[in-house]
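Asks: need a 3D model of the following:
(one chain, ligands or ions: 3)
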Amino acid sequence: MPQQSDEEPMMFAEEDGASEQELRQDIWRMLIVDDEPDVHTSTKLALADVKILGRSLEFLHAYSAREATQLLRLEKDIALVLLDVVMESDDAGLGLVRTIRNELKLLELRIILHTGQPGYAPEIETIHDYDINDYKTKSELSRTRLYASVTSAVRAYHQIRALDQLAFYDRLCSLPNRNRFISLINERMAQPDHAAHAIAIVDIDDFAEINDALGHQHGDRLLQVIADRLSLTFGGEVAVARLGSDAFGILGPTAALDPERLVALFQRPFEMPGHTMAVTATSGLRHLSDRGISGLEAIKDANIALKRAKKSRRGHYMFFADEMGDEIRERVRLLQGLRVAMDSDRLFLMYQPQIRLDTGKLMGVEALVRWRNLDGQLVPPDRFIPLAECTGLIVNLGEWVMRMACHTLRQLNKAGRPPLRMSVNVSHIQFRNHAFPEMLAAALEDTGVDPSCVELEITESVAMEEPDFIVALLTRLKRMGVSIAIDDFGTGYSSLSQLRQLPVDRLKLDRAFVMGLSDSDHGGRIAATVVELGRNLNLTTIAEGIEEEGEARVLHELGCHEGQGYLYARPMELPALKEWIEAYEQKRSLVQE
Ligand code: C2E
Ligand code: CA
Ligand code: CA
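Replies: Ligands and ions are numbered 1, 2, ... in the order given. Predicted coordinates:
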């Protein structure tokens, strides 16, 4: 018989004093449950010298289903139970089978049922549902039959264990893996004392760099010594698992899982063959205090805390707090809502007039996107634009805005009035999208607007990146006939030399430098500098966020050309805008008369 198990004791050969757990690698534990003491004696006798896959059997004994249940709760690694059906009651044995599978969740454990009375045989379905290996009447159980039955059950157990080992253990670090860690948490959550427990995810800082710099073998070895130290430090009632390449999971009583111990653990360097290495780790922790949390959710939450800690407390730790999850859930909800909104006309545009500061003439409008969610509330663009940007949704959203804005422009510019300009915000993500120029060209063409009436607002930070790329792109766009404004000007770090190269038409002074311009000169210097810069570069300037007469006056005195803000009008939907324009023009013509 091939002695497969020979290799296994080797794994522990380096350690003196193998623990009880490891010694069990040499035996198969078999539980005999029968209310007749004779059966215990005869079974033991019959199987005394048997070796299965090189290991002999160890016997445990219970004389009732109740006793067996208690024993199974305490004892680990039992391979097989030989079970009498009729004991304290006619179906005590079947009751125990249900307890084993459903309550104790001992799914690896193999079961052989037997009974003295043929009439008590379980149904085929029961045998199948409860994964019962064999059913025999006692008269059928000759020594050879018993031997054959036990052998095949133990082999089956061995196979199941081997598969589980693959599915639930990490070989490199000899630790439970992520799957196993999840079920360990679930098992813990099923216990009444789970609230006194916590989990931690310990992530090695810069492990990828270490791996690249020193080679994978070295990296593997480092993980092993870290795993060893984690197990040694926590050990006992705390479970350590390997969750991913350089992340470990720890589950244990809150009192034992002290994060300061984690930090301290990484303060001593790790001994590697030939040298020592200092590494740090960052941890995310989560209390298992909530009622219904699953293992998977607990890990997700700890990961959220870990990500936070990586950002702000590298080398330390952070506990998960409900708000962290709320924020992320909120973002996910928002994103789902936005996807729906884009498909169901819940997005719309508002338009805010732009006015010449010297004459008060209406020059154009800026299109500002709005989202009314299903509850009827307006979600501010400052919240959903960044989300649309980081998911790429902005490309479609931006195209929609562009087409809608052009469509409106076409309507506004129909009626014999001096043509208005339509300013459209273009996100940096959109701007970098290689298909942007084609998209713009198609939108202009399809709506039939005069391109010289369309202005793109790009932010200063975009305009200042990768000069070669930006200059080429802007040149191409300008050739289509559109004009270009640099939005939020003053908030970035433009260099004059760079700005000089850019084919742009307008600088848009950010709201921050307009606020309070009238009553102090705080910020006034920046406004003056921007206007001055514009003049030197031959660019017009427009100021956004003008709320007070005084601000408009100062800006005008500085030489700023145009203005936009609540002083003139709030952003309006198209019908309101049309009325506003009507009324505004009328008022102006009256004043001029
Ligand atoms: P922005 O381009 O700087 O737009 C100006 C913002 O200032 C608008 O906010 C506008 O409603 C607001 N505003 C106008 N006048 C005043 C004023 O007198 N006082 C004050 N306190 N605020 C004023 P809004 O509409 O909430 O837009 C916020 C930002 O969202 C915009 O900043 C822009 O960056 C972005 N955004 C809006 N629509 C679009 C869009 O269609 N595409 C892209 N990519 N971004 C957009
Ligand atoms: Ca803007
Ligand atoms: Ca702005």
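
Asks: so Leu368 touches Gln352, yeah?
Replies: Yes. At 6.3 Å, Leu368 and Gln352 qualify as touching, with contact defined as CB atoms under 8 Å. Yep, even glycine has a C-beta here, placed from its N, CA and C like the rest.

Asks: who has more neighbours out of the two?
Replies: Gln352 (20 against 17; other CB atoms under 10 Å).

Asks: so who does the closest residue to the more buried one other than its chain neighbours touch?
Replies: Nearest residue to Gln352, sequence neighbours excluded (CB to CB, 6 or more residues apart in numbering): Pro571, at 4.1 Å. Neighbour list for Pro571: 350-352, 366, 368 [criterion: CB atoms under 8 Å, 6 or more residues apart in numbering].

Asks: okay if I get these as TSV plus pLDDT?
Replies: Output for the contacts of Pro571, formatted as TSV (pLDDT from 0 to 100):
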residue	pLDDT
Met350	97
Tyr351	98
Gln352	98
Glu366	98
Leu368	98
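
Asks: contacting ligand 1 as well, which ones from those?
Replies: 352, 368 (CB under 6 Å from any ligand atom).

Asks: and the two most separated of the contacts of Pro571?
Replies: Checked with CB to CB, these reach their widest spread between Met350 and Glu366, with 9.1 Å between them.

Asks: is stretch 540-556 in proximity to ligand 1?
Replies: Yes. Counting by CB under 6 Å from any ligand atom, ligand 1 has neighbours in stretch 540-556: 544-547.

Asks: closest to ligand 3 out of those residues?
Replies: When those are compared for distance to ligand 3 (CB to the ion), Glu544 wins out at 5.3 Å.

Asks: SS state for Glu424?
Replies: In this structure residue 424 is Val, not Glu. strand (DSSP: H, G, I helix; E, B strand; the rest coil).

Asks: residues near it, how many?
Replies: 24.

Asks: is it in a bridge, and if so with what?
Replies: Ala367, Leu456 (DSSP bridges).

Asks: pLDDT value on it, please?
Replies: With respect to pLDDT, Val424 scores 98.

Asks: ok, it touching Ile458?
Replies: No. With contact defined as CB under 8 Å, Val424 does not reach Ile458; the gap is 10.1 Å.

Asks: where along the stretch 51-200 of the chain do the strands fall?
Replies: Listed in chain order, the strands found in the stretch 51-200 of the chain under DSSP state E, counting those that start in this stretch are 51-52, 55-62, 78-84, 110-115, 134-137, 169-170, 175-176, 197-204.

Asks: just checking, next helix/strand downstream of the last one?
Replies: Moving toward the C-terminus from strand 197-204, the first helix or strand encountered (DSSP states H and E) is helix 207-214.

Asks: between that next one and strand 197-204, how many degrees?
Replies: The directions of helix 207-214 and strand 197-204 differ by 40 degrees, with axes from the mean of the first three to the mean of the last three CA atoms, to 10 degrees as the criterion.

Asks: show me what the next helix or strand after helix 207-214 is packed up against.
Replies: Sequence-wise, the next helix or strand downstream of helix 207-214 (DSSP H and E) is helix 216-234. Here helix 216-234 is seen to pack against strand 197-204, helix 207-214, strand 239-244, strand 247-253, helix 259-265, strand 270-272 when contacts are counted using 3 or more CB pairs under 8 Å, 6 or more residues apart in numbering; DSSP states H and E.

Asks: can you list the ones you listed in a markdown table and add distance to Leu31, mean pLDDT and mean neighbour count?
Replies: What follows is the helices and strands packed on helix 216-234, written out as a markdown table (distance: least, CB to CB, whole Å; pLDDT from 0 to 100; neighbours: other CB atoms under 10 Å):
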| stretch | distance to Leu31 | mean pLDDT | mean neighbour count |
| --- | --- | --- | --- |
| strand 197-204 | 30 | 97 | 25 |
| helix 207-214 | 44 | 89 | 14 |
| strand 239-244 | 25 | 95 | 22 |
| strand 247-253 | 28 | 96 | 23 |
| helix 259-265 | 39 | 93 | 15 |
| strand 270-272 | 43 | 90 | 15 |
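
Asks: Gln377 is nearest to which of the ones you listed?
Replies: Nearest to Gln377 among the helices and strands packed on helix 216-234 is strand 197-204 (36.2 Å), distances taken as CB to CB.

Asks: tell me the one of the residues of stretch 540-556 next to ligand 1 nearest ligand 2?
Replies: Glu544 (6.8 Å).

Asks: burial check on His556, number of neighbours?
Replies: His556 has 16 neighbours, counted by other CB under 10 Å.

Asks: try Met464
Replies: Look at Met464: counted by other CB under 10 Å, it has 17 neighbours.

Asks: tell me the pLDDT of it.
Replies: For Met464, pLDDT reads 76.

Asks: can you give me phi and psi for the residue of the stretch 1-150 of the chain found nearest ligand 1?
Replies: In the stretch 1-150 of the chain, the residue found nearest to ligand 1 is Lys105; the distance is 53.3 Å by CB to the nearest ligand atom. Dihedral angles of Lys105 (phi, psi; degrees, to the nearest 10) stand at phi 50, psi 40.

Asks: which non-adjacent residue is nearest the residue in the stretch 1-150 of the chain positioned nearest to ligand 3?
Replies: At 59.2 Å from ligand 3, Lys105 is the closest residue in the stretch 1-150 of the chain, using CB to the ion. Residue nearest to Lys105 in three dimensions, not counting chain neighbours: Glu187, with 7.8 Å by CB to CB, 6+ apart.

Asks: kindly report the same for Lys578.
Replies: Leu412 (7.7 Å).

Asks: which residues touch the one you found?
Replies: By CB under 8 Å, 6+ apart, Leu412 lies in contact with 365, 420, 422, 577-578, 581.

Asks: look up the pLDDT of it for me, please.
Replies: As predicted, Leu412 sits at a pLDDT of 95.

Asks: again with Leu349
Replies: Per-residue pLDDT puts Leu349 at 97.

Asks: oh, and call the first residue 553 from now on, that's how I've got it
Replies: Got it, first residue is 553 now, which makes that one Leu901.

Asks: check the gap between it and His959 for me.
Replies: Note on Leu901: its distance to His959, by CB to CB, to the nearest Å, is 9 Å.

Asks: tell me which of those two has more neighbours.
Replies: The neighbour count for Leu901 versus His959, taken as other CB under 10 Å, is higher for Leu901 (21 against 18).

Asks: show me what the more buried one is bridged to.
Replies: Beta-bridge partners of Leu901, as defined by DSSP bridges: Val921.

Asks: which secondary element of the chain has the worst mean pLDDT?
Replies: helix 559-563 (a mean of 34; mean pLDDT, DSSP states H and E).

Asks: so Ile1038, which state does it fall into?
Replies: When classified by three-state DSSP, Ile1038 comes out as strand.

Asks: correct me if wrong: it contacts Ile1022.
Replies: No. Applying CB under 8 Å, one finds Ile1038 not in contact with Ile1022, separated by 10.8 Å.

Asks: where do the contact lists of the two overlap?
Replies: Shared contacts of Ile1038 and Ile1022, defined by CB under 8 Å, 6+ apart, are found at 1015, 1054.

Asks: by neighbours, which of the residues of stretch 1092-1108 next to ligand 1 wins?
Replies: Going by other CB under 10 Å, Ile1098 tops those with 29 neighbours.

Asks: can you tell if stretch 1014-1031 touches ligand 2?
Replies: No. Stretch 1014-1031 does not reach ligand 2 (CB under 5 Å from the ion); its nearest approach is 12.2 Å.
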